[in-house]
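**Student:** Return atomic coordinates for the entry below.
(chains A and B)
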Amino acid sequence: MSEVVLSTRELTKHYVLGGGLFSRRHVVRAVDGVSLDIYERETFALVGESGCGKTTLGRVMLRLHEPTSGTILYRGQDLSRLNERAMREQRKKLQIVFQDPYASLNPRMRIEQILAEPLRTHGFGSAEAIRERCAELLDMVGLSRRYLRNYPHQFSGGQRQRIGIARALANKPDFVVCDESVSALDVSIQAQVLNLLSDLQADLKLTYFFITHDLSVVRQFADRVGVMFLGRLVEVGLTEDLFDRPLHPYTMFLISAVPRADPRQRGRERPILMGDIPSPMNLPSGCRFHTRCPFAKDICRTEEPMPRKIDDRLVSCHFPLES
Amino acid sequence: MSLTSEMTALAPDVIEETSFLRDALRAFRKNRMAMVGLFFVVTLILAAVFAPWISPHDPYRVALDEQLLPASSTYWLGTDNFGRDILTRILYGARVSLVVGTVPSLIALMIGTVMGILSGYLGGRTDFVVMRLADMMISFPSLLLAMVVMYTLGANLLNIFIALALVGWASVARVVRSQTLALKGKEFIEAARANGASRATIMFRHIFPNVVPTLIVLFSLSIPDAIMWESSLSFLGVGVQPPGSSWGLLVAKGKEYLFQAPLVAIAPGVAILLTVLAFNFIGDGLRDALDPSMKD
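**Tutor:** The predicted model follows:
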C-alpha cells in the first residue's frame, strides 16, 4: 500500500465531568488508546454505535479537541506537539465536513464570505483571485456560480452540504474527515453527495476519514473499515474481508443488524445484540464488550484483549470468530 | 461528474438575493403594535429636535401672573408654578430624556457585548472574573449604585451616562455570554477553527454577527429602562438640575401642586408612560422579527 498520511499512536481523549465542590468527579473515556494508520488516497471508514467515540476521535485527530495523551502524526510530523500558530498553518491540509448542514454554515454570512474565509486566513492571494477561487469551488461541487451572493438559509440540505464540502476544499487539503457527512440527508441526495465525494477524491487525490453509522454506505464507499466500541478500535480490515468474514463478535453483530432487501432471507434467524452499551464513565473490567458478548469466557471478564494481527486484519478479541 | 451537472441543470439559476435583515424588516412591518410604537417614537424624536420651532412658548420665560393655569387654548397643558408652558417644557424635556435613554444604553451595550463574548468564548478564568464582576453589579441595588455615582461625581449629564452604563452592562454581558456559549458549540464555529481562524476572528466575525439581533432587541428594551432611571434620579434630585428640564424632574417638581394643578405632574408622567410603552412595543416587534425560529 501507499504512504501513510495520518497516523495516531495510543491516542486518548478523556473528559472530566463534575469534580466541583459538590459533585463526584467522573472521567469519560471517549477515546481510549487508538492507534491507526491511514494511507494516501484511501477512504477509511470508522463505524460504531452512537456514543462510542467516533466523532471525538475525528475531532481529536484534527486537534479541534486537544488529545489527553498520545500522538498524531501527519506525514511524519507530530501534530500534538505543535504550538497554536504552527497548528493553524497545518489546518490548510487537514479538513472536516460536518454532519449537520444546517449548523455548519454561519447564517449571517454570504456563500462567498463562507468560502473566502479559509482562503483569506491562509493568504491565498488578491481579492480578485479569492473571488475566482470561490466561483471555482462552487463549480467543483456542482453548484451555480451565481449562488455566491446568497445566504445559507436559501439552500436545501444537500446544497448546503455541497457548500460545506467546497469550504473544506478551499485550500486544497489532502486529508478530510467526513463526520457523518451524509447521515442527515435524504437517501437520493446521499447518493449524489457520495458520488461527488468520490469524484473529488479521484480529481484532487484526497484521503478520507469517513465517520458513519450507516454500514451500507461503508460497504459502497470505503476501502478499509475500523470498528469502534467504547473508545477502542476492536477490528480493522479491508471492507470486503470485514463484511464477508467478521472476526470480532461485535463486528459480526453490527453487520447482521443491517436489514437485507432479500425476501428469501426473511424467515432466517439472525443474531441480534442484546443490552445496552456500558457507560463510558464506568467501564467493565476486562474486555469492554464482554457484558454483551455471547461467547465471553472467564478471561474476557478479567483481561483486556490487545489488538493482534490475523491475516491483514487487526482484532482485539481473545476468541476471534472462525479462527 | 455527469450527476452533478444534472443537479445544476435542475436547480434554479438565481435565487432571489434576500438578506436576513430584509426578511426581518418585512416581518417587523407586519406587526401593527410595533409600527404604532415606531410612529410615536419617530414623532417624538422630530418634536424634540425641532422643539425651538414648534413649541408655542419659551420654556424659561417666567410669568408669575400666569401660575398653575389649567389647560386652555393658549397653554394646551396649562402652566407650572412659574407660569411656564408645560407642553413646551415637555418637548424640551424630551431632548434630555431621549438622549439619556439612548446614550448610556449604547455604552452599556458595547461594554456588555465585549465582556459577554470574551467571557463566553474564552471561558476559564476570564469567564469567572467577568461573571463575578457582573454578579456584583447585579446584586447591588442599582438605583442606590447610580445615586452613589451621581453623588460622588456630581449631578450632570455625563455622570448620568456613567452611572447608567455602570448599572446596565452586567445584564447585557450575561445575555451575550449565554448566547455565545450556545453559538460556541455550533459546527460553523468548529469549521472556522478547522480552517485556522484565530480566536479574534471567530469572536468578531462569527459570534458577534449572530449576537447582533439580540443586541438590537436588548437596546430597544433598555431605552425605556434608562428613561425610567433618569426620571427616578431626577425625581430624587440627583439627576438633571433645574432650570433644565427632563421628564423625571418635571414630575418631581409638579408633585407639590398635584391638587391645585394636577396636569403639572401628570402630563410629563403620561409622556414617560407613552414613550416607555412605545419603545417596548418596538422591542417586542424586533424580537419577534429577528428570531429565526419565529419565521413563517
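
**Student:** Averaged pLDDT, stretch A:54-73. What do you get?
**Tutor:** Stretch A:54-73 carries an average pLDDT of 93.

**Student:** and what of stretch B:201-212?
**Tutor:** 91.

**Student:** Only C-alpha atoms, please: export it in CSV.
**Tutor:** Provided in CSV are the C-alpha atoms of stretch B:201-212 (Å, rounded to 0.1, in the frame of the first residue of the first chain):
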residue,chain,number,x,y,z
THR,B,201,-11.6,36.3,14.0
ILE,B,202,-14.1,33.8,15.4
MET,B,203,-15.3,36.1,18.1
PHE,B,204,-15.6,39.1,15.8
ARG,B,205,-16.7,37.6,12.5
HIS,B,206,-18.7,34.5,13.6
ILE,B,207,-20.0,35.1,17.0
PHE,B,208,-20.6,38.9,17.0
PRO,B,209,-22.9,39.0,13.9
ASN,B,210,-25.0,36.2,15.4
VAL,B,211,-25.5,38.2,18.6
VAL,B,212,-26.5,41.4,16.8
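
**Student:** Now tell me what touches that stretch from outside.
**Tutor:** A:106-109, A:117, A:121, B:113, B:116-118, B:120-121, B:176, B:179-180, B:183-184, B:188-189, B:192-193, B:197 (CB atoms under 8 Å, 6 or more residues apart in numbering or on different chains). The way it works is simple: take the backbone N, C-alpha and C, and place the C-beta from them, glycine included.

**Student:** From these, keep the buried residues only.
**Tutor:** The neighbour count (16 or more other CB atoms under 10 Å in any protein chain shown) marks A:106, A:108-109, A:117, A:121, B:113, B:116-118, B:120-121, B:176, B:179-180, B:183-184, B:188-189, B:192-193, B:197 as buried among these.

**Student:** How about A:Asp311: what's its closest non-neighbour residue?
**Tutor:** With sequence-adjacent residues excluded and distances taken as CB to CB, 6 or more residues apart in numbering or on different chains, A:Asp311 is closest to A:Asp241, at 7.6 Å.

**Student:** need the contact list for B:Asn31.
**Tutor:** Going by CB under 8 Å, 6+ apart, B:Asn31 touches B:Asp284, B:Gly285, B:Asp288, B:Ala289.

**Student:** remind me which residues of the chain are low pLDDT?
**Tutor:** With no chain named, the answer covers chain A. Scanning chain A for pLDDT under 70 picks out A:1, A:19, A:266-269, A:323.

**Student:** hm, I was asking about chain B
**Tutor:** B:1-20, B:68-69, B:75, B:291-296.

**Student:** could you pull out the helices for it?
**Tutor:** With helices called from DSSP state H, chain B shows them at B:2-10, B:20-30, B:32-49, B:51-54, B:86-122, B:124-139, B:142-153, B:157-184, B:187-194, B:199-201, B:208-235, B:247-254, B:263-290.

**Student:** any idea which of the ones you listed is most buried?
**Tutor:** helix B:247-254 (a mean of 25; mean count of other CB atoms under 10 Å in any protein chain shown).

**Student:** May I have that one exported as CSV, CA atoms only?
**Tutor:** What follows is helix B:247-254 as a C-alpha-only set of coordinates in CSV (Å, rounded to 0.1, in the frame of the first residue of the first chain):
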residue,chain,number,x,y,z
TRP,B,247,-39.5,64.4,32.4
GLY,B,248,-38.5,63.0,35.7
LEU,B,249,-37.7,66.5,37.0
LEU,B,250,-41.0,67.8,35.8
VAL,B,251,-42.9,65.1,37.6
ALA,B,252,-40.8,65.8,40.8
LYS,B,253,-41.5,69.5,40.7
GLY,B,254,-45.1,69.1,39.7
